[in-house]
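A.B. asks: Just the structure for this:
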Amino acid sequence: MAGIKEVADRAGLSVATVSRALSGKSNVSSKSRRLAQEAARELGFVPSYHAASLASGRNHNIGLVVPSIHRWYFSSVLEGVSETLLDAGYDLTLYNVGDQPGRRRSVLNDFLLRKRLDAVIAVALVLSDDEIQQLLAIHRPLVGIGGTLPGASTIRIDDERLARQATEHLIRLGHTRIAHLTGDADLNQDFKLPGIRQQGFHAAMNAAGLEVRPEWHITADFTVQGAYTAARRLLATAAERPTAVFAASDEMAVGAILAARDFGLQVPQDLSVVGMDGHELGETFGLTTINQDPRGQGVLAARTALASLDPARMTSDGGGAAVPQGSHQEYPTEFVVRTSTAVPPPGAAAGA
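C.D. replies: Got it, this is the predicted structure:
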C-alpha cells in the first residue's frame, strides 16, 4: 500500500505539504490541495488519522450537544454543522441529552471530558459555571448557539426584539385584538425562549397602549398539532375573537392557521397570523415570519469552532466570518412578509 512519500512524489509536492493538505489544514494553496488529493486517490492512499492525532494532539472530531433531535430547529442546526465539518475533514459526534437530567450529566461531565473531541458546540443549552469551566480547563474551544455562555463564543438572535417586531407588524396593520400563542412551562427552560418572546409581545402591546387579554394568551408545545388543539379552544370559547395571532414559532403559527380554517375563518381576511423561525412550512402556508436561518447558524458555529482550532482557516465562504473565541455575535435575521397578515376585517378596528 502506498505511503505519504509516494503520494508526495506523485503530486510533486513535499511530504509536509501533502500532510497539511490531506489533514484539512488551511495553510495550503488550493492547487496543492487538489494535487495531493488527486495523487492520494490514484494511489489508494488513506491518511491515518490515528497517527495524525498522536502527532498533532487533534482528533479531527467535534461534539454537538442538543436537547432534542426530532425538532426542526435542532435538525436544521445539525445539518449546517455536519456539512461544514464534513467539508473540512472533521468527524461529528452527536449528543442528544433530551429531558433526562441523568443523561445530561453523563454527557457534560463524562463523555465530553474524555478528550476525544477537539471542540464542543452546545445548542440551546444553559451550562453551569462548573460545566463551562470543566470544558475550558481542558482547553477545548466551546461554541454556544441560542444564548450567552460565559467564556465561550456564542451565536444568538435577539428573540425579544424580534418578537416585538413581529407584534408591531400586526399593530401597524391596524390590529388591536391580538392573541399570543406561546410555549408551555416545559419549554421555558435553558434560555427561556418562550418567555423571552412573550416579553417582546408584551412590550409591543404596552407601547401601543393595547390590552393584553389573559384569555388570548394560550400555550402549546411548539408543534403544529399542539398549537392546532390550543387554537381551536381559543376560537371556540372566546366571547370575542382576536383578529390576529402572534405565534412564538412557525410550527405553532401553522397550527393556528389550520384551526382557523376549521371555523370557516379565512387567513388573513378574518384572522392574521405571524410566526417566528423561518420554518420550511412557512412558504407553503404563505406565513409572515422572521427567518432566523438555523442551518446558517450551524454553519457559522462549525466554522467558528474550526477557526478556534486553526486561526488561519478561511471561514468567510458563503456565511460570513467566524466569531473570535470568547465573543458574542447576533446572527442576522430577515423579516419575511407573505400572505398570512393583512388589515383587520371591517368593524374590527380599534375600539370595535
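A.B. asks: What is the burial count for the closest residue to residue 210 other than its chain neighbours?
C.D. replies: In this structure, residue 210 finds its nearest non-sequential neighbour in residue 176, 5.5 Å apart by Cβ to Cβ, 6 or more residues apart in numbering. Where C-beta positions appear, they are placed from N, C-alpha and C, glycine not excepted. By the measure other Cβ atoms under 10 Å, the count of residues near residue 176 is 20.
A.B. asks: what helix or strand is residue 176 on?
C.D. replies: Using DSSP states H and E, residue 176 sits within no helix or strand.
A.B. asks: Please apply the same query to the one 5 residues further on.
C.D. replies: Under DSSP H and E, the secondary-structure element containing residue 181 is strand 178-183.
A.B. asks: Now do the helix or strand following that strand against strand 178-183, angle only.
C.D. replies: In the C-terminal direction, the helix or strand that comes right after strand 178-183 (DSSP H and E) is helix 193-207. In terms of direction (axes from the mean of the first three to the mean of the last three Cα atoms, to 10 degrees), helix 193-207 departs from strand 178-183 by 160 degrees.
A.B. asks: Who are the packing partners of helix 193-207?
C.D. replies: With contacts defined as 3 or more Cβ pairs under 8 Å, 6 or more residues apart in numbering; DSSP states H and E, the packing partners of helix 193-207 are helix 159-172, strand 178-183.
A.B. asks: ok, now which ones touch residue 21?
C.D. replies: The contact partners of residue 21, by Cβ atoms under 8 Å, 6 or more residues apart in numbering, come to 13, 28, 32, 33, 35, 36, 37.
A.B. asks: and if you look at residue 149?
C.D. replies: 122, 126, 127, 132, 142.
A.B. asks: Highest neighbour count among these?
C.D. replies: Of all those, residue 122 has the most neighbours under the rule other Cβ under 10 Å, reaching 30 neighbours.
A.B. asks: thought that residue was touching residue 142?
C.D. replies: Yes: counting by Cβ atoms under 8 Å, residue 142 is a contact partner of residue 122 at 6.9 Å.
A.B. asks: list residues touching both of those two?
C.D. replies: By Cβ under 8 Å, 6+ apart, the residues touching both residue 122 and residue 142 are 149, 152.
A.B. asks: for the stretch 201-350 of the chain, which spans come out with low pLDDT?
C.D. replies: Residue ranges of the stretch 201-350 of the chain with pLDDT under 70: 238, 311-326, 348-350.
A.B. asks: For it, which segments count as strands?
C.D. replies: Here the stretch 201-350 of the chain has its strands, by DSSP state E, counting those that start in this stretch, at 217-220, 244-247, 272-274, 289-291, 328-330, 334-336.
A.B. asks: For residue 45, which of these is the nearest?
C.D. replies: strand 328-330 (39.2 Å; Cβ to Cβ).
A.B. asks: what's the distance between the closest one and the middle of its chain?
C.D. replies: 13 Å (Cα atoms, centre = their mean, to the nearest Å).
A.B. asks: re earlier: closest one to residue 106 among the strands of the stretch 201-350 of the chain?
C.D. replies: strand 328-330 (28.4 Å).
A.B. asks: From the contact counts, what lies against the closest one?
C.D. replies: Strand 328-330 packs on strand 153-156, going by 3+ Cβ pairs under 8 Å, 6+ apart.
A.B. asks: packing partners for the strand it packs on?
C.D. replies: Strand 153-156 is packed against strand 142-145, helix 294-309, strand 328-330, with contacts defined by 3+ Cβ pairs under 8 Å, 6+ apart.
A.B. asks: Would you mind finding the most buried of those?
C.D. replies: Highest mean neighbour count of those: strand 142-145, a mean of 28 (counted as mean count of other Cβ atoms under 10 Å).
A.B. asks: tell me what that one is packed against?
C.D. replies: Short answer (3+ Cβ pairs under 8 Å, 6+ apart): strand 142-145 packs on strand 119-123, helix 129-137, strand 153-156, helix 294-309.
A.B. asks: and the residue lying closest to residue 295 once chain neighbours are set aside, how many neighbours?
C.D. replies: Closest residue in space to residue 295, ignoring its immediate chain neighbours: residue 80 at 4.0 Å, by Cβ to Cβ, 6+ apart. Using other Cβ under 10 Å, residue 80 is surrounded by 22 other residues.
A.B. asks: dump the residue contacts of residue 80.
C.D. replies: Residue 80 touches 294, 295, 296, 297, 298, 299, 300, 301, 302, counting by Cβ under 8 Å, 6+ apart.
A.B. asks: Which residue comes closest to the most centrally placed residue in the chain once chain neighbours are left out?
C.D. replies: Note on the chain: the residue nearest the mean C-alpha position is residue 294, at 3.5 Å, using Cα atoms, centre = their mean. Leaving aside its sequence neighbours, residue 294 sits nearest to residue 76 (Cβ to Cβ, 6+ apart; 4.0 Å).
A.B. asks: what's around the one you found, how many residues?
C.D. replies: By the criterion of other Cβ under 10 Å, residue 76 has 21 neighbours.
A.B. asks: The strand or helix carrying it relative to helix 294-309, how many degrees between them?
C.D. replies: Counting by DSSP H and E, the element that carries residue 76 is helix 72-87. Inter-element angle recorded for helix 72-87 and helix 294-309: 40 degrees (by the same axes, to 10 degrees).
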